[in-house]
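Asks: show me how the following folds:
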Amino acid sequence: MKIAVVGSGYVGLVSGACFSEMGVEVVCIDTDPEKIDKLRRGVIPIYEPGLEAIVRKNTAAGRLSFGTDLAACADETDIVFIAVGTPPGPDGEADLQYVEQVARTFGSVITHYTLLVTKSTVPVGTSRRIRDIVDEELARRGVEVPFDVASNPEFLKEGSAIKDFMSPDRVVVGADSERAREAMRRLYRPFLLNNFRVIFMDIASAEMTKYAANCMLATRISFMNDIANLCEIVGADVNMVRKGIGSDARIGNKFLYPGCGYGGSCFPKDVKALIRTAAAHGYPMRVLEAVEAVNDRQKRVLFDKLTAHFGPDLSGRRIALWGLSFKPETDDMREAASLVLIDLITAAGGTVTVYDPVAADECRRLIGDKVRYAADMYEAAVDADALLLVTEWKEFRIPSWPVLEKIMRTPVVFDGRNIYDKREFEGTSVVYRCIGG
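Replies: Modelled structure (predicted):
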């Protein structure tokens, strides 16, 4: 079986590399010739643990290749995946221009039965539009070529995407023909030999499943952040509350950790898109509107704690930030809480020194010299008036508090992910503040 994956960003590259690892012949297509040239040389444009090794291995073995033209491989390709971006527009609606471009290209080059699969996150009904575009292109060519359209949403977590793809807990496939379903069974069978959990459904339901899953997880996060804020007001310990409700089998303990807000490429975008989709059909998504509002507020919670401690004017204050990426094990800073905090602190007159194990270059690309960049976590804290823990990288888990007491101007720690225990600070001069405590 030979497949093409159009779009060599996060989802496309991980998907293509993992399919090739299982013996599938894969061509990753992207319109950016510079990116393709780097990939051919083994230069990976994103940070994802384990990805570089898989790309290099399968490129060397000839199972994984890269190109800029779908037409060059269309004659031999059985399945084409759409894995391009669907960024939110000004009103939150998913921008489908890149998806539609792939559909037009597909319709203009296929010569035999080929399955076109959307792996990009797209609103319900997009597959109908894709089918219409392909039909238009075939009619323009004056040919009849059989094809099917299917939906195969991704459920990858940045930082553990390789494991998620290679050992999925389920694979969702939306298809409306047995031929399409059989092609997807063949493709995924090697991944699911011991636990074949391909869930087939209609295409609209598959498209909705992706949004519903991400929005449910975002809802749990915002709910827990709201509870944490109330705990702080009434004197309860949110960590105890989390353990108490998480032990209920009906609830479970995942995505119940309070913090300084969710970010990344999926949750913010998908919440906005589902709200917009519902509005277009005359239905208000009240719960998701609240989820979004709570998250927007939560991204400034560390700043509010900071100014409650020092006052609203931070002129002359040096603030250290540990962590820039929206979560550990990635350099992705899309919708990251760190960017909100940097803007708020600098607007209040403070200066910011940051350290992140992998995201410093991405931060430079986004905001340049608006902050000072430290070479390690302790350098960031030198002469700082306060330390803000924003991303829970493993290397931040057990810092030396005696060292921080010595190097900080005033040892005040604001824990935005609740990774420390209050008891750690007994007998020290460190002032500790967390979320919901």
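Asks: please make it C-alpha for all contacts and neighbour counts, starting now.
Replies: OK.
Asks: show me the domain layout of this protein.
Replies: 2-201, 211-297, 299-434 (automatic domain parsing).
Asks: Throw those domains into TSV and include mean neighbour count, thanks.
Replies: Formatted as TSV, those follow (neighbours: other C-alpha atoms under 10 Å):
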stretch	mean neighbour count
domain 2-201	19
domain 211-297	18
domain 299-434	19
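Asks: what is the end-to-end distance of stretch 139-149?
Replies: Length of stretch 139-149, first residue to last, C-alpha to C-alpha, to the nearest Å: 17 Å.
Asks: distance from it to the middle of the chain?
Replies: In terms of C-alpha atoms, centre = their mean, to the nearest Å, the centre of stretch 139-149 is found 35 Å from the chain centre.
Asks: export the domains of the chain as CSV, with columns for mean pLDDT.
Replies: Shown next, in CSV, are those (pLDDT from 0 to 100):
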stretch, mean pLDDT
domain 2-201, 94
domain 211-297, 96
domain 299-434, 97
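Asks: and the gap between the most far-flung residue of the chain relative to its centre and residue 77?
Replies: Largest separation from the mean C-alpha position in the chain: residue 142, at 41.3 Å (C-alpha atoms, centre = their mean). Distance of residue 142 to residue 77, given as C-alpha to C-alpha: 21 Å.
Asks: the longest helix along the chain packs against which elements?
Replies: Secondary structure of the chain per DSSP state H: the longest helix is helix 203-234. Here helix 203-234 touches strand 147-151, strand 171-175, helix 238-246, helix 267-280, helix 286-298, going by 3 or more C-alpha pairs under 8 Å, 6 or more residues apart in numbering; DSSP states H and E.
Asks: residue 364 is nearest to which of those?
Replies: Closest to residue 364 of the helices and strands packed on helix 203-234 is helix 267-280 (C-alpha to C-alpha; 22.4 Å).
Asks: can I get the closest one as PDB, trimmed to CA atoms?
Replies: Output of helix 267-280 as PDB, limited to C-alpha atoms (Å, rounded to 0.1, in the frame of the first residue of the first chain):
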ATOM      1  CA  PHE A 267      -8.200  23.100  22.400                       C
ATOM      2  CA  PRO A 268      -8.600  26.900  21.800                       C
ATOM      3  CA  LYS A 269      -9.100  26.500  18.100                       C
ATOM      4  CA  ASP A 270     -11.600  23.700  18.400                       C
ATOM      5  CA  VAL A 271     -13.700  25.300  21.100                       C
ATOM      6  CA  LYS A 272     -14.000  28.400  19.000                       C
ATOM      7  CA  ALA A 273     -14.800  26.400  15.900                       C
ATOM      8  CA  LEU A 274     -17.500  24.300  17.500                       C
ATOM      9  CA  ILE A 275     -19.100  27.500  19.100                       C
ATOM     10  CA  ARG A 276     -19.100  29.000  15.600                       C
ATOM     11  CA  THR A 277     -20.500  25.900  13.900                       C
ATOM     12  CA  ALA A 278     -23.400  25.800  16.400                       C
ATOM     13  CA  ALA A 279     -24.000  29.500  16.000                       C
ATOM     14  CA  ALA A 280     -24.200  29.100  12.200                       C
END
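Asks: show me what that helix packs onto, helices and strands only.
Replies: Counting by 3+ C-alpha pairs under 8 Å, 6+ apart, helix 267-280 packs on helix 203-234, helix 286-298.
Asks: now the ones you listed as TSV including distance to residue 9?
Replies: Below are the helices and strands packed on helix 267-280 laid out as TSV (distance: least, C-alpha to C-alpha, whole Å):
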stretch	distance to residue 9
helix 203-234	18
helix 286-298	26
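Asks: with respect to residue 154, which of those helices lies nearest?
Replies: The minimum distance between residue 154 and the helices and strands packed on helix 267-280 falls on helix 203-234, with 7.5 Å, by C-alpha to C-alpha.
Asks: just how off-centre is the closest one within its chain?
Replies: Relative to its chain's centre, helix 203-234 lies at 15 Å (C-alpha atoms, centre = their mean).
Asks: before we move on, what about stretch 90-105?
Replies: Distance of stretch 90-105 from the chain centroid (C-alpha atoms, centre = their mean) equals 19 Å.
Asks: residue numbering should commence at 619 henceforth.
Replies: Let's use 619 as the start, then, which means that last one is stretch 708-723.
Asks: now do the same end-to-end measure for that stretch.
Replies: 27 Å.
Asks: who's in contact with residue 828?
Replies: Contact analysis of residue 828 by C-alpha atoms under 8 Å, 6 or more residues apart in numbering lists 739, 771, 772, 773.
Asks: can you lay out those as CSV showing distance to residue 625?
Replies: Conversion of the contacts of residue 828 to CSV gives the following (distance: C-alpha to C-alpha, whole Å):
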residue, distance to residue 625
739, 13
771, 14
772, 14
773, 17
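Asks: secondary structure and distance to residue 830 for these - can I get that in TSV?
Replies: Below are those laid out as TSV (DSSP: H, G, I helix; E, B strand; the rest coil; distance: C-alpha to C-alpha, whole Å):
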residue	secondary structure	distance to residue 830
739	coil	11
771	coil	11
772	coil	13
773	coil	12
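Asks: quick one: which of those residues is nearest residue 1037?
Replies: Distance to residue 1037 across these (C-alpha to C-alpha) is lowest for residue 773, with 25.8 Å.
Asks: for that closest one, give me phi and psi.
Replies: The phi and psi values for residue 773, taken as degrees, to the nearest 10, are phi -130, psi 50.
Asks: any idea how far it lies from residue 740?
Replies: 13 Å.
Asks: now swap in residue 762 and tell me
Replies: Distance from residue 762 to residue 740, counting by C-alpha to C-alpha: 27 Å.
Asks: related to what we said a few turns ago, max pairwise distance over the contacts of residue 828: which two?
Replies: The span of the contacts of residue 828, defined through C-alpha to C-alpha, is set by 739 and 773 at 10.0 Å.
Asks: now residue 880: phi and psi?
Replies: phi -90, psi 160.
Asks: quick check: it vs residue 913, distance?
Replies: To residue 913, residue 880 is 7 Å away according to C-alpha to C-alpha.
Asks: on that earlier part again, can I get the helices and strands packed on helix 821-852 in a markdown table with distance to residue 679?
Replies: Formatted as a markdown table, those follow (distance: least, C-alpha to C-alpha, whole Å):
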| stretch | distance to residue 679 |
| --- | --- |
| strand 765-769 | 29 |
| strand 789-793 | 27 |
| helix 856-864 | 46 |
| helix 885-898 | 36 |
| helix 904-916 | 45 |
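Asks: with residue 1055 as the reference, name the closest of those.
Replies: The nearest among the helices and strands packed on helix 821-852, by C-alpha to C-alpha, is helix 856-864 at 6.7 Å.
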